[in-house]
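Peer 1: sequence unavailable; structure follows:
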């Protein structure tokens, strides 16, 4: 799964055969798997931080609302 996601991500992002080869060799150690893992984990991290911030703002908003009331 990571290999496929990495291949799609790199090809959509760079769209040039030589540039894709260069980026894969230098940044991802010649493996689309590494690109896929990095992409999936970055998406997961953004979602996790967003959910935590929503809960934090909800908690703080409720706390301040109860203090004012």
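Peer 2: Yep, it's here. Fair warning: this is a prediction, and the values are worked out from it, not measured in the lab.
Peer 1: tell me the confidence at the residue nearest to residue 5 when sequence neighbours are not counted?
Peer 2: Distance criterion Cβ to Cβ, 6 or more residues apart in numbering; nearest residue to residue 5, sequence neighbours excluded, is residue 36 at 3.8 Å. For the C-beta atoms, the positions are set from N, CA and C on the backbone; glycine is no exception. pLDDT, residue 36: 92.
Peer 1: could you do the one 5 residues further on as well?
Peer 2: Residue 41 is assigned a pLDDT of 95 by the prediction.
Peer 1: now it: how far from residue 12?
Peer 2: From residue 41 across to residue 12, the span is 18 Å (Cβ to Cβ, to the nearest Å).
Peer 1: please, where are all the helices along this structure?
Peer 2: In the chain, the helices defined using DSSP state H lie at 2-14, 17-27, 32-68.
Peer 1: need those in TSV (columns: mean neighbour count).
Peer 2: As requested, these are exported to TSV (neighbours: other Cβ atoms under 10 Å):
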stretch	mean neighbour count
helix 2-14	15
helix 17-27	12
helix 32-68	12
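Peer 1: what lies in contact with stretch 19-38?
Peer 2: Stretch 19-38 is contacted from outside by 1, 2, 3, 4, 5, 6, 7, 9, 10, 11, 14, using Cβ atoms under 8 Å, 6 or more residues apart in numbering.
Peer 1: fine by me, thanks again.
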